[in-house]
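**Q** below are the sequence and a predicted model for it; my questions follow.
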Amino acid sequence: MIGKVAFGTASAECDVGPVETAWSSRTDGTIALRVWFQLPDGVTDLYVDVRETQNCRLYMNGNWFGSSGSAPTCPWWQGSMWVWPGTGWHSGWNVLGVAASSESTFDYLDIEIYVDGPTSTDPSTWGTIKALYR
């Protein structure tokens with residue numbers, strides 16, 4: 001499956017915005033996302049924001065760097081997670097991996113990547129988000 005964020009199911013309970021790609025943890029199980037993106041030279045810090053209904057594990061270039069979890073209610077941005085440089089991110093192409101699951105009455109997952117540096121990332125260089133269901 002190839003899709004666009006946000007992944008999930010519609011909800012009358014919460015105004016989460018549009019769901020671009022359907023995902024239901026009750027029928028589809030855990031979702032795994034890969035997001036390819038390119039960083040310019042001179043980036044000093046990398047951050048990931050996650051908005052989800054239950055929990056997820058985050059990987060940069062195959063290296064685990066954090067987890068996010070929330071109560072099974074309306075999803076809120078969990079705050080920025082600083083991605084330690086030791087996870088292997090570098091100028092050029094990188095891949096963010098996200099494995100998420102939910103036991104909520106509805107499912108939602110959205111992510112944002114941003115950097116500190118002399119230039120910002122160029123969204124036109126980002127690849128399509130690929131999602132794999134287990």
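**A** Received the coordinates, thanks.
**Q** which strand or helix spans the residue positioned nearest the centre of the chain?
**A** Centroid-nearest residue in the chain: residue 111, 3.4 Å away (criterion: Cα atoms, centre = their mean). Residue 111 is part of strand 108-116 when elements are defined by DSSP states H and E.
**Q** what comes up buried for that strand?
**A** Residues of strand 108-116 classed as buried under the neighbour-count rule (16 or more other Cβ atoms under 10 Å) are 108, 109, 110, 111, 113, 115. For glycine as for every other residue, the C-beta is placed from the backbone atoms N, C-alpha and C.
**Q** picking up where we left off before, residues contacting the closest residue to the residue nearest to the centre of the chain other than its chain neighbours?
**A** Nearest-residue entry for residue 111: residue 50, 5.5 Å, with adjacent residues in sequence omitted and distances by Cβ to Cβ, 6 or more residues apart in numbering. Contacts of residue 50 were listed using Cβ atoms under 8 Å, 6 or more residues apart in numbering, and they are 56, 58, 68, 77, 78, 81, 98, 109, 110, 111.
**Q** what about the third one, neighbour count?
**A** What that stands for is residue 68. Neighbourhood size, residue 68 [other Cβ atoms under 10 Å]: 22.
**Q** lovely, talk soon.
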